[in-house]
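Asks: sequence below, structure please.
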Amino acid sequence: MSAEREILELQSGDRIPYSVQQRNVKNPKLTLNPDGSLSVTVSSDASGREIVAKNTSWISEKFDEQKESVKCVTEQYGDVTSGFVFWGKKYDLERRTGSYEIHIEGSTVRVQTPQSGDHLRFLLNQAREAVREAVTTIADSICATHNLIVEQITIRNQQTKWASCSSGHTLNFNLRSAFLPFDHLRYLVAHEVVHTRHPEHSEAFWDLVESMVPEYDRYRSELQMFWYALHRNEDWQKLLEKA
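Replies: Residues are numbered from 1 along each chain as shown. Okay, here's the model as predicted:
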C-alpha cells in the first residue's frame, strides 16, 4: 500500500488537494471530503492521477456544490468558516493564564488555564458539556410534552453525522453540535427524540417532528451547509485535534 499527495487545479482556479491510497480493490473510489479535499482509492496497479483526470468533471461539480452551500450559510449566518463559532455565533479566542475558567464577553471567548494547562482541550471539554446540558434540557422538555422516553444521552466525537438514535432509546450527539445555532440544535434533538417512537422516516415521523419544530425543513436542509462550514473552520479543526 502506498500513498501519494497531489493537487488538482480546476478550470475555476480552485485547487483541490487529494491523497491516493493503493489497496486491494477492484474499482476505484473517489470521495470529496467535507473540507473540500479529495480521497482516492485505487488498486495497486492503477494510477490515481489518471483516475482523477478522468473524473475531473464530477469532482468539479461536487466541489461547486460544497462551495455554494458554504456561500449560502455564510450569507445567512455570517462568516462561520473562521473564528471560534459557538451556537452559530462567531467569537475571537483569547487565552489567559490562571485558574480554569471560561468567560464570554461581547465577541470574545476568554479561555483561562494554568500555565501548563492545555487551553484547547479545556475549551473542547467545556463545549462537550455545553452540548450535553443543552441537549438534555431540550430532550427533557420534548419528552414531557409528547410523552416520550429517552434512556440515555451521549456526546461523542462522531466523524460523519450530527446525531443518531441507538436501540434502547439512547441518543448520541456529536460534540460538534456546539457549532450549530440553537434553533438547529433544537431540530436535531427533536429529530432524534422522535426516533424513539418512530424508528423510520415515515409520514408519522415527520408529522410529529413538524409539530415540535414547524420550520424543521429549513433547519434540516441547512445542517449539511453547516457541516461543510465546520470542516473549513480552522479554529474548530484545531480544537477537534484534542478530541
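Asks: mind listing the helices for the chain?
Replies: Secondary structure of the chain (DSSP state H): helices at 48-54, 56-77, 119-146, 182-194, 203-212, 216-230, 234-240.
Asks: so where is this protein shaky, pLDDT-wise?
Replies: Within the chain, the stretches with pLDDT under 70 are 1-4.
Asks: what's the most buried one of the helices of the chain?
Replies: helix 182-194 (a mean of 22; mean count of other CB atoms under 10 Å). C-beta coordinates here come from the backbone N, C-alpha and C atoms, glycine included.
Asks: which residues does it contact?
Replies: By CB atoms under 8 Å, 6 or more residues apart in numbering, the residues outside helix 182-194 that reach it are 87-88, 134-135, 138-139, 142-143, 146, 148, 150, 162-165, 171, 173, 177, 180, 205, 208-209, 212-213, 215-216, 219-220, 222-223, 226.
Asks: and the angle from that helix to helix 216-230?
Replies: Per axes from the mean of the first three to the mean of the last three CA atoms, to 10 degrees, the angle that helix 182-194 makes with helix 216-230 is 110 degrees.
Asks: pretty sure Ser164 contacts Gln158?
Replies: Yes. Contact criterion CB atoms under 8 Å: Ser164 and Gln158 qualify, at 7.5 Å.
Asks: pull up the overlap in contacts between the two.
Replies: What both Ser164 and Gln158 touch, as defined by CB under 8 Å, 6+ apart, is the set Asn172.
Asks: quick one: furthest residue from the center of this protein?
Replies: Asp45 (35.2 Å; CA atoms, centre = their mean).
Asks: now do the contacts for that one.
Replies: Counted by CB under 8 Å, 6+ apart, Asp45 has zero contacts.
Asks: do Phe226 as well
Replies: Val73, Val80, Phe179, Leu180, His184.
Asks: the first one contacts Leu223, correct?
Replies: Translated: Val73. No. At 9.9 Å, Val73 does not count as touching Leu223 under the criterion of CB under 8 Å.
Asks: dump the contacts of Phe226 to CSV, plus distance to Lys238.
Replies: Listed next are those as CSV, based on distance: CB to CB, whole Å:
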residue, distance to Lys238
Val73, 21
Val80, 16
Phe179, 13
Leu180, 19
His184, 23
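Asks: tell me the one of the residues you listed nearest Thr97?
Replies: Phe179 (26.9 Å; CB to CB).
Asks: bridged to Val111, which residues?
Replies: Note on Val111: beta-bridge partners Arg95, Ile102, judged by DSSP bridges.
Asks: need the contact list for it.
Replies: Contacts of Val111 by CB under 8 Å, 6+ apart are Leu93, Glu94, Arg95, Arg96, Ile102, His119, Phe122, Leu123.
Asks: what number of residues lie near the fifth one?
Replies: For Ile102, the count of nearby residues is 15 (other CB atoms under 10 Å).
Asks: take the contacts of Val111 and write them to TSV, including distance to His231.
Replies: Formatted as TSV, the contacts of Val111 follow (distance: CB to CB, whole Å):
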residue	distance to His231
Leu93	18
Glu94	24
Arg95	24
Arg96	29
Ile102	24
His119	22
Phe122	23
Leu123	18
